[in-house]
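1. sequence and computational prediction follow.
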Amino acid sequence: MPSGEPVKFLLVDDVMENLLALEALLRRDGLELFKARSGPEALELLLVHDFALALLDVQMPDMDGFELAELMRGTERTRPIPIIFLTAVATDERRRFRGYEAGAVDYLLKPVDTRMLTNKADIFFELSRQRQELARQRDELRLTLDRLNAHGDNSPLAIVELDPDMRFLSWSNGAERIFGWSAPEVVGSRICDVRWMHEEDVSTFTGHVGDLLAGKQPRMAHVYRSHHKDGALVECEWYYSALLDSAGTPISINAQILDITERRRAEETQHLLVGELNHRVKNTLASVQAIANQTLRHSPDPSDFAGKFNGRIQALARANSMLSDATWQGAGLRNLIHDQLQLGTMDEAKLKISGPDVDLEPQAALHLALVIHELDTNANKYGALSLPDGRVDLSWTVDNGTLHLKWSEKNGPAVKPPSRKGFGTALIERSLSPHGGTAHATFAPHGIEWDINLPVSQSAPSGIVNVRTSGPPRSSSLQSIKANGAPSRVAGKKLLVIEDEPLVAFEMMAILQELDAEIVGPAGTREDALQIIAEGVIDGAFLDGNLQGKLVDDVAVALAERNVPFLFVSGYGKDHLPRAFGDVAVLAKPFTATQLIDAAIQLMPEPELVDN
């Protein structure tokens with residue numbers, strides 16, 4: 001047995017020779033002997049030391065052994081000390097009885113039987129050693145328990161113990177913090193008596209606990225839903241195991257529960273952000289693709305295409321950089337105009353700018369940047385800025401939440417309405433329509449004027465979904481596609497384009513019109529789409545998966561209720577689309593002309609065969 005503090009015996013006798021003899025007889029390792037020659041001297045030692053045994057001589061002057069023993073029994077500190085009386089005086093039963101009454105554990109006559117005395121002393125020595133060991137173990141257990149309690153109190157985990165009947169045995173402070181109930185409110189109750197675990201998870205949890213109690217699993221980890229005391233839902237990860245007795249019988253279930261509600265919300269947010277990033281990238285690529293295709297359609301030669309295309313891409317890039325610096329919170333109109341001046345196409349000396357500070361939503365800012373770029377490009381090529389004395393006044397006001405912007409050219413060449421509209425003019429007129437804006441040109445004698453109106457409180461559009469195309473790749477040549485006769489299923493059909501990105505809508509309309517389809521729309525908002533669906537006859541529809549940050553479930557429902565075949569056109573993943581329409585095909589952004597044509601052909605039902 002490990003040694004601790006030395007065991008202490010007290011030897012009391014008025015004869016020094018007797019004390020020395022006892023000391024010689026009892027001396028051993030781990031034992032410390034204290035000698036006193038009187039009762040008062042013994043009392044002084046008793047106040048300082050904790051003794052495992054006191055050997056008291058009965059016959060002493062002033063205070064005999066009986067009196068000393070009675071004083072020891074009267075004090076809490078010394079009451080537990082075992083006493084052995086030693087006496088050389090022949091005694092009767094009355095004196096022996098007084099000794100035991102004073103608290104003695106034994107009464108020995110001198111001369112003392114040394115073997116008997118040493119055996120009795122050894123017993124008290126070992127008892128003291130055992131008490132020391134028990135005290136040490138008690139202190140260790142207390143320290144361990146204190147650590148466990150501190151861990152349970154400070155841990156972010158809820159520590160809960162249940163008996164095999166699903167009755168709460170313990171409920172930590174962490175559980176109270178997470179779920180709101182205190183230990184007195186739940187301990188002793190069955191789990192079904194406290195509206196704690198979600199009703200749909202109780203049976204699953206009970207089944208898992210049954211497997212634990214049956215020894216099928218040593219431990220388990222599962223996610224369950226619980227309720228807070230105030231009714232809020234708490235998602236939790238459970239790590240639990242069965243506690244067994246010495247016979248291996250389960251006596252309780254110990255669970256450590258982690259609140260993962262915020263983590264799940266963060267994961268959902270991350271999922272949405274990844275989907276939004278995917279959408280933005282694909283939507284941007286689709287816009288660039290549309291700019292390239294439309295610029296190419298209206299360019300007489302490669303050099304003209306390169307200049308127009310690069311200018312438009314740079315205009316978009318400058319606006320994107322400005323928005324990125326503002327973490328896509330928006331952009332100021334004046335800053336947007338000055339940023340476009342940095343491209344070098346605008347001569348500040350010929351441009352007069354006036355108007356108040358106006359904040360624009362991100363998507364509106366991007367499209368207005370393209371509009372300003374087109375206005376500047378046209379003015380430099382064909383308008384006032386193509387002549388030395390030409391000037392441009394760019395002014396704006398804000399009235400009742402609407403931005404009124406006026407572009408007025410002066411001292412330029414004579415202007416007249418064009419015989420046909422190019423892509424730049426169409427881009428100016430239609431770019432702002434998804435945001436509730438309009439653009440109108442007046443061909444005045446002194447130069448062209450543009451009146452642009454745009455709501456400045458409009459929410460920024462967002463959205464678009466993931467990709468799926470079907471069928472084998474087709475030739476990129478429209479002539480080869482027409483040759484197989486399949487586009488006849490599309491020719492003359494009224495196709496609704498629902499798309500909040502004007503450039504993408506232009507591209508889709510141009511491709512579908514080459515198949516001789518009749519285009520309805522485009523609709524850049526849910527409201528416009530629902531109105532068109534309610535008022536007109538439509539043979540098919542191409543539905544963007546998200547319109548200006550709003551879901552399109554109601555638009556999909558409206559199309560389905562009128563038996564209008566449709567497909568989604570989106571840069572999002574499939575899981576971001578309306579769940580009720582999981583079987584609807586998805587055309588991914590960016591898409592090729594061939595993929596759009598193939599999707600349009602498959603959207604239209606095959607003509608019925610007529611028997612002659």
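-> Great, that's in hand.

2. lowest-pLDDT helix or strand in the protein?
-> When the helices and strands of the chain are compared on mean pLDDT, DSSP states H and E, helix 478-483 comes out lowest with a mean of 50.

3. give the pairing partners of the next helix or strand after that one; include direction for each.
-> Downstream of helix 478-483, the first helix or strand assigned by DSSP states H and E is strand 494-498. The strands beside strand 494-498 in its sheet (DSSP bridges) come out as strand 518-523 (parallel), strand 540-544 (parallel).

4. pLDDT (mean, whole number) over the last one?
-> Per-residue confidence for strand 540-544 averages out to 93 on the pLDDT scale.

5. quick check: what element follows that strand along the chain?
-> Taking DSSP H and E, what comes next after strand 540-544 is strand 546-547.

6. each with direction, which strands does that following strand pair with?
-> Short version: by DSSP bridges, strand 546-547 pairs with strand 550-551 (antiparallel).

7. need the CA coordinates for whichever helix or strand comes after the partner strand. PDB is fine.
-> Following strand 550-551 in sequence order, the next helix or strand is helix 553-561 (DSSP H and E). Extracted as PDB, the C-alpha positions of helix 553-561 are listed here (Å, rounded to 0.1, in the frame of the first residue of the first chain):
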ATOM      1  CA  ASP A 553     -43.000  28.900 -59.000                       C
ATOM      2  CA  ASP A 554     -46.200  30.800 -59.700                       C
ATOM      3  CA  VAL A 555     -45.100  31.400 -63.400                       C
ATOM      4  CA  ALA A 556     -44.500  27.700 -63.800                       C
ATOM      5  CA  VAL A 557     -47.900  26.900 -62.200                       C
ATOM      6  CA  ALA A 558     -49.600  29.300 -64.600                       C
ATOM      7  CA  LEU A 559     -48.000  27.700 -67.600                       C
ATOM      8  CA  ALA A 560     -48.900  24.200 -66.400                       C
ATOM      9  CA  GLU A 561     -52.500  25.200 -65.700                       C
END
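
8. now find how far off-centre helix 553-561 is within its chain.
-> Computed by C-alpha atoms, centre = their mean, to the nearest Å, the chain-centroid distance of helix 553-561 equals 33 Å.

9. which of the residues in that helix are buried?
-> 555-556, 558-559 (16 or more other C-beta atoms under 10 Å). (Glycine included, C-beta is placed from N, CA and C.)

10. again with stretch 65-74
-> For stretch 65-74, the neighbour count (16+ other C-beta under 10 Å) marks 65-66, 68-69, 71-72 as buried.

11. so which of the strands paired with strand 494-498 comes closest to Pro61?
-> strand 540-544 (114.0 Å; C-beta to C-beta).

12. go through the chain and flag its longest strand.
-> strand 233-244 (DSSP state E).

13. so which elements touch that strand?
-> helix 173-179, helix 199-213, strand 219-227, strand 250-259, helix 261-297 (3 or more C-beta pairs under 8 Å, 6 or more residues apart in numbering; DSSP states H and E).

14. any idea which helix or strand carries Asp146?
-> Short version, using DSSP H and E: Asp146 is in helix 114-154.

15. state the next helix or strand along the chain beyond that helix.
-> strand 158-162.

16. so which elements touch that next one?
-> Strand 158-162 packs on strand 168-171, helix 173-179, strand 250-259, going by 3+ C-beta pairs under 8 Å, 6+ apart.

17. let's have these in a markdown table, adding mean pLDDT and distance to His227.
-> Output for these, formatted as a markdown table (pLDDT from 0 to 100; distance: least, C-beta to C-beta, whole Å):
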| stretch | mean pLDDT | distance to His227 |
| --- | --- | --- |
| strand 168-171 | 91 | 15 |
| helix 173-179 | 89 | 8 |
| strand 250-259 | 89 | 12 |
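
18. and the ones you listed as CSV, adding distance to Gln363 and mean neighbour count?
-> Shown next, in CSV, are the helices and strands packed on strand 158-162 (distance: least, C-beta to C-beta, whole Å; neighbours: other C-beta atoms under 10 Å):
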stretch, distance to Gln363, mean neighbour count
strand 168-171, 52, 19
helix 173-179, 42, 19
strand 250-259, 38, 19
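
19. distance to Ala158 for those - can I get that in JSON lines?
-> JSON lines is the format used below for the helices and strands packed on strand 158-162 (distance: least, C-beta to C-beta, whole Å):
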{"stretch": "strand 168-171", "distance to Ala158": "8"}
{"stretch": "helix 173-179", "distance to Ala158": "4"}
{"stretch": "strand 250-259", "distance to Ala158": "4"}
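
20. which residues does the closest residue to Leu127 other than its chain neighbours contact?
-> Ranked by C-beta to C-beta, 6 or more residues apart in numbering and with sequence neighbours excluded, the top spatial neighbour of Leu127 is Ala52, at 7.2 Å. Residues near Ala52 by C-beta atoms under 8 Å, 6 or more residues apart in numbering: 7-9, 81-82, 124-125, 127-128, 131.

21. one more time with 10 Å
-> Applying C-beta atoms under 10 Å, 6 or more residues apart in numbering, we find Ala52 in contact with 6-10, 31-32, 80-82, 121, 124-129, 131-132.

22. next, it: phi, psi?
-> phi -90, psi -20 (degrees, to the nearest 10).

23. mind checking how far Gln270 is from Arg264?
-> 10 Å (C-beta to C-beta, to the nearest Å).

24. any idea of the pLDDT on the closest residue to Glu176 other than its chain neighbours?
-> Nearest residue to Glu176, sequence neighbours excluded (C-beta to C-beta, 6+ apart): Ser182, at 5.3 Å. pLDDT recorded at Ser182 is 92.

25. report the beta-bridge partner residues of the closest residue to Ala441 other than its chain neighbours.
-> Excluding the flanking residues, the one nearest Ala441 by C-beta to C-beta, 6+ apart is Trp450, at 5.5 Å. Beta-bridge partners recorded for Trp450 (DSSP bridges): Trp407, Ala441.

26. now the one 5 residues further on
-> When bridges are assigned using DSSP bridges, the partners listed for Pro455 are Thr402.

27. output the below-cut-off pLDDT ranges for the stretch 351-500 of the chain.
-> Along the stretch 351-500 of the chain, segments meeting pLDDT under 70 span 457-487.

28. ok, 80 please
-> Applying pLDDT under 80 to the stretch 351-500 of the chain flags the ranges 362-367, 370, 418-435, 445-446, 457-489.

29. re the thing from before, could you give the mean pLDDT of the helix holding Asp146?
-> 85.

30. what's the angle from it to strand 250-259?
-> 40 degrees (axes from the mean of the first three to the mean of the last three C-alpha atoms, to 10 degrees).

31. could you break the protein into its assigned domains?
-> The chain breaks down into these domains under automatic domain parsing: 7-136, 155-259, 298-455, 478-603.

32. residue nearest the centroid of this protein?
-> Centroid-nearest residue in the chain, with C-alpha atoms, centre = their mean: Ala266, separated by 2.0 Å.

33. for that residue, what are its contacts?
-> Ile260.

34. quick check, pLDDT for it.
-> 85.
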